[in-house]
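>>> Here is my input, please return the structure:
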Amino acid sequence: MLVLSLLSPALLSPATVAGAGSIVRRASSNGPVVRIDLILPSDAVAGQPVRAMLRSVDGDGRVTGRLPGRISFSSTDDDADLSAMPNEMRENVMTLEHAMVFNTPGIHYVISEDIEHGIWSVSNPVRVTDKEPKYRLYWGELHAQTWLSDGWYTSVATNPDEAYQYYRYVAGLDFAAVTDHDCCWEGVLQTPFGVVGNWFTDDFMKSYGWDKEKEAVKKNYDEGKFVTLLAQEWTQDYEAYNTHGDGHYNIYYNCVDEPEFYSCLDTPTDRIYEMFDVLKGWKNETGRDVFMIPHHLQHPTLGWSYQYYDEELVPLVEICQTRGSSEMRNDLGNPVKFAGAMKEPGHTVQDALAMGYKMGFVASTDDHAIGETAPSHVCLTGIMAENLTRDGIFDALKDRRCIAVSGAGTRMIIDFTVNDRTVGDGSVVKLDNASTPRDVVCTVAGTAPLSRVALVKNNETVFEVEIDGDTEDLSTYKTEFSFTDREPVRGTSWSAGDYSQFSGSTGGKDYYYIRVVQSDGRAGWMGPIWVEAAL
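Predicted coordinates:
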């Protein structure tokens with residue numbers, strides 16, 4: 001392994017970027033350094049320099065104002081050039097534009113060590129290719145609230161402008177969307193007993209908040225470096241102001257000026273099926289695009305009404321967030337338990353897929369304490385996009401080219417194909433007949449030793465790799481497998497039995513997805529890929 005020790009002249013300190021130094025200081029704790037986060041791009045081309053972010057991190061996973069001692073770096077790529085990396089951190093968050101060069105194709109890691117203080121840390125995996133890939137994997141946060149609605153539990157990033165600064169300059173993300181609620185409490189006051197306020201209203205967002213959201217999206221968009229998406233949360237539930245209980249959906253746009261503000265307190269936008277019609281009308285009128293993502297499906301009062309779905313407007317579902325995963329019920333082996341989940345059927349991602357709903361997977365925090373939420377409760381989405389632009393990120397999301405992960409630093413790589421087709425472009429494999437074999441190939445590179453990697457077909461695990469690894473044995477961070485399914489394509493169906501008359505099916509299609517669980521409890525998902533037969 002090649003080791004370096006030169007101080008880089010290519011340093012970009014947050015203090016040199018307007019506003020970034022302030023957000024770093026507010027986000028920093030005073031805890032002792034236990035890890036050196038090294039955030040690298042998930043994709044790199046052999047022989048070309050890559051950017052790196054270095055962060056000094058405490059035992060709670062937060063950036064700390066303290067600094068490590070002398071640092072050395074090494075790589076699983078023996079031919080990597082690490083000579084531009086620093087041997088000390090002069091700031092607790094440092095970004096280097098031309099940090100290193102990988103020279104060997106494959107999936108690689110970089111290890112950072114402060115030997116004096118016994119600190120050993122490993123970067124996220126980097127997929128190195130001989131030539132520029134069609135898609136690069138970018139990471140972002142798609143679901144967060146600020147003081148404009150009910151993100152009151154932080155003093156770090158209180159408004160959308162500060163939120164985008166935090167995600168770029170502290171979290172080291174590539175894209176973000178602030179999703180303040182359409183309505184919230186009026187006269188909010190933080191007390192030792194919690195947040196109190198008057199009844200729900202949308203007046204604030206209508207008169208002030210929506211314009212501020214747009215201003216922040218425009219101000220913080222930096223093509224090729226950081227993408228912002230205009231979004232809002234539509235919050236229809238039993239808990240507060242009405243009784244429809246259609247669920248919570250985030251609405252995302254590929255533009256900034258044209259979108260209107262929609263409230264669940266208005267008619268007809270107080271029902272989700274009406275929202276579908278309203279947004280389709282807006283698309284036709286403006287020529288712009290929009291989609292929606294439902295979340296926390298298993299919440300007992302904030303979950304969704306599963307009988308309403310629109311494939312054009314709902315291409316994705318939030319499979320995991322700070323409350324846990326909605327992949328399946330907790331009693332069926334949910335890898336990230338959902339806090340307070342309902343037990344009634346119809347409120348999980350697996351239920352929705354069996355109903356025939358065609359939704360890919362994202363994971364987002366639903367953050368109400370930006371900068372202070374425990375990293376273990378943060379969730380991220382990885383997107384395979386052609387470029388780091390608003391259209392590039394929006395189109396990749398709508399095309400379901402996504403990886404969903406739990407945990408702030410869990411930027412894992414998952415490559416998954418069925419008969420050489422991966423997610424995106426419809427995510428559908430078409431067969432001549434139902435008996436044609438399906439060859440599944442999967443490669444996973446995690447951020448900790450892997451525990452289990454499962455291939456799920458029609459909600460059943462049909463193949464699984466189990467690994468028992470050691471933290472410093474990087475070979476256990478990766479695995480790959482192939483599996484041939486020779487069972488005829490039959491599809492699956494869903495019904496609630498005595499609970500409801502509603503039922504659904506996949507119309508004869510099968511679907512496959514990947515679930516990854518690491519030894520640290522973090523999880524990841526990719527898929528689904530659907531298979532349909534002509535005969």
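>>> End to end on stretch 501-510, go ahead and measure it.
Between the opening and closing residues of stretch 501-510 we find a distance of 23 Å, counting by Cα to Cα, to the nearest Å.
>>> Pull out the buried residues from stretch 207-214.
Gly209, Trp210, Lys212, Glu213, Lys214 (16 or more other Cβ atoms under 10 Å). For glycine as for every other residue, the C-beta is placed from the backbone atoms N, C-alpha and C.
>>> Over to stretch 429-444?
Val429, Leu431, Ala434, Thr436, Arg438, Val440, Val441, Cys442, Thr443, Val444.
>>> any chance you could map the helices in the chain?
When secondary structure is read from DSSP state H, the chain shows helices at 20-27, 160-169, 203-204, 210-220, 272-286, 349-354, 390-398.
>>> what residues does the last one touch?
What that stands for is helix 390-398. 135, 138, 140, 175, 221, 223, 227-229, 252-254, 289, 291, 315-316, 362, 381, 383-386, 402, 424 (Cβ atoms under 8 Å, 6 or more residues apart in numbering).
>>> Listing request: residues of the stretch 151-300 of the chain with sub-threshold pLDDT.
By pLDDT under 70, the weakly predicted segments of the stretch 151-300 of the chain are 185-200, 237-243.
>>> ok, the buried residues of stretch 207-214 vs Gly333, which is closest?
Within the set of the buried residues of stretch 207-214, Glu213 lies nearest Gly333; the separation is 38.8 Å, counting by Cβ to Cβ.
>>> ok, for the closest one, nearest residue in space, not its chain neighbours?
Beyond its immediate neighbours in the sequence, the residue positioned closest to Glu213 (Cβ to Cβ, 6 or more residues apart in numbering) is Pro160, lying 5.5 Å away.
>>> Is the one you found in contact with Gln145, as I believe?
No: Pro160 lies out of contact with Gln145 (Cβ atoms under 8 Å); the separation is 9.8 Å.
>>> now the buried residues of stretch 429-444 as CSV including pLDDT and distance to Lys509?
Putting the buried residues of stretch 429-444 into CSV (pLDDT from 0 to 100; distance: Cβ to Cβ, whole Å) gives the following:
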residue, pLDDT, distance to Lys509
Val429, 97, 10
Leu431, 97, 10
Ala434, 96, 11
Thr436, 97, 14
Arg438, 98, 12
Val440, 98, 16
Val441, 98, 20
Cys442, 98, 20
Thr443, 98, 25
Val444, 98, 25
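>>> residue ranges with poor pLDDT in this structure?
Answering for the chain: the residues below the bar, that is pLDDT under 70, span 1-19, 185-200, 237-243.
>>> Going by length in residues, pull out the top strand of it.
Secondary structure assigned by DSSP state E gives strand 523-533 as the longest strand of the chain.
>>> Stretch 286-306 spans what distance, first to last residue?
Between the opening and closing residues of stretch 286-306 lies a distance of 29 Å (Cα to Cα).
>>> before we move on, back to that, and the residue nearest to Glu213, what does it touch?
With contact set as Cβ under 8 Å, 6+ apart, Pro160 has these partners: Thr146, Leu148, Val178, Asp180, Lys212, Glu213, Glu215, Ala216, Val217.
>>> Pull out the buried residues from these.
Once neighbours are counted (16+ other Cβ under 10 Å), the buried part of the contacts of Pro160 comes down to Thr146, Leu148, Val178, Asp180, Lys212, Glu213, Ala216, Val217.
>>> Kindly provide the distance from the first one to Cys184.
In this case it means Thr146. Noted for Thr146: a distance of 11 Å to Cys184, by Cβ to Cβ, to the nearest Å.
>>> Same check on the last one?
When Cβ to Cβ is the yardstick, Val217 and Cys184 sit 19 Å from each other.
>>> what ranges do the strands span in the stretch 51-200 of the chain?
In the stretch 51-200 of the chain, the strands defined using DSSP state E, counting those that start in this stretch lie at 72-75, 93-101, 106-108, 110-114, 119-122, 126-129, 136-141, 175-176, 184-185, 189-191, 194-196, 200-201.
>>> closest to Asp43 out of the ones you listed?
Of all the strands of the stretch 51-200 of the chain, it is strand 136-141 that lies closest to Asp43, at 4.4 Å by Cβ to Cβ.
>>> Is Gly437 in contact with Thr484, as I believe?
Quick fix: residue 437 reads Pro, not Gly. Yes: judged on Cβ under 8 Å, Pro437 makes contact with Thr484 at a distance of 5.3 Å.
>>> on that earlier part again, ranking the strands of the stretch 51-200 of the chain by burial, who's on top?
Using mean count of other Cβ atoms under 10 Å, the stretch among the strands of the stretch 51-200 of the chain with the greatest mean number of neighbours is strand 175-176 (a mean of 29).
>>> what are the pairing partners of that strand, and which direction each?
Paired strands of strand 175-176, with direction, are strand 136-141 (parallel), strand 227-228 (parallel) (DSSP bridges).
>>> Mind putting those into a markdown table with distance to Leu332?
As requested, the strands paired with strand 175-176 are exported to a markdown table (distance: least, Cβ to Cβ, whole Å):
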| stretch | distance to Leu332 |
| --- | --- |
| strand 136-141 | 28 |
| strand 227-228 | 36 |
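>>> what's the burial count for the nearest residue to Arg62 once chain neighbours are set aside?
With sequence-adjacent residues excluded and distances taken as Cβ to Cβ, 6+ apart, Arg62 is closest to Ser29, at 4.8 Å. Ser29 has 17 neighbouring residues, counting by other Cβ atoms under 10 Å.
>>> Ile529 too?
Residues within reach of Ile529, counting by other Cβ under 10 Å, total 26.
>>> who are the neighbours in contact with the residue nearest the centre of the chain?
Among the residues of the chain, the one closest to the centroid is Thr381, at 1.9 Å (Cα atoms, centre = their mean). With contact taken as Cβ under 8 Å, 6+ apart, Thr381 is in contact with Trp139, Gly140, Glu141, Leu142, Val362, Ala363, Ser364, Leu397, Cys402, Ile403, Ala404, Val405.
>>> Let me know whether the fourth one touches Val178 as I believe.
So that's Leu142. No: applying Cβ under 8 Å as the test, Leu142 and Val178 come out as separate, 9.6 Å apart.
>>> so what sits against both of those two?
Once Cβ under 8 Å, 6+ apart is applied, the residues that Leu142 and Val178 both contact turn out to be Ala231.
>>> returning to that earlier point: tell me which of the strands of the stretch 51-200 of the chain sits nearest to Glu464.
Distances from Glu464 to each of those were compared using Cβ to Cβ; the minimum, 21.0 Å, belongs to strand 106-108.
>>> partners of that closest one in the sheet?
Based on DSSP bridges, the pairing partners of strand 106-108 within the sheet are strand 126-129 (antiparallel).
>>> quick one: the strand it pairs with to chain centroid distance?
Put simply, strand 126-129 sits 20 Å off its chain's centre (Cα atoms, centre = their mean, to the nearest Å).
>>> Ser325 pairs with what?
Judged by DSSP bridges, the bridge partners of Ser325 are Cys320.
>>> which ones are touching it?
Contact partners of Ser325, counting by Cβ under 8 Å, 6+ apart, are Ile319, Asn334, Pro335, Val336, Lys337, Phe338, Ser406, Ala523.
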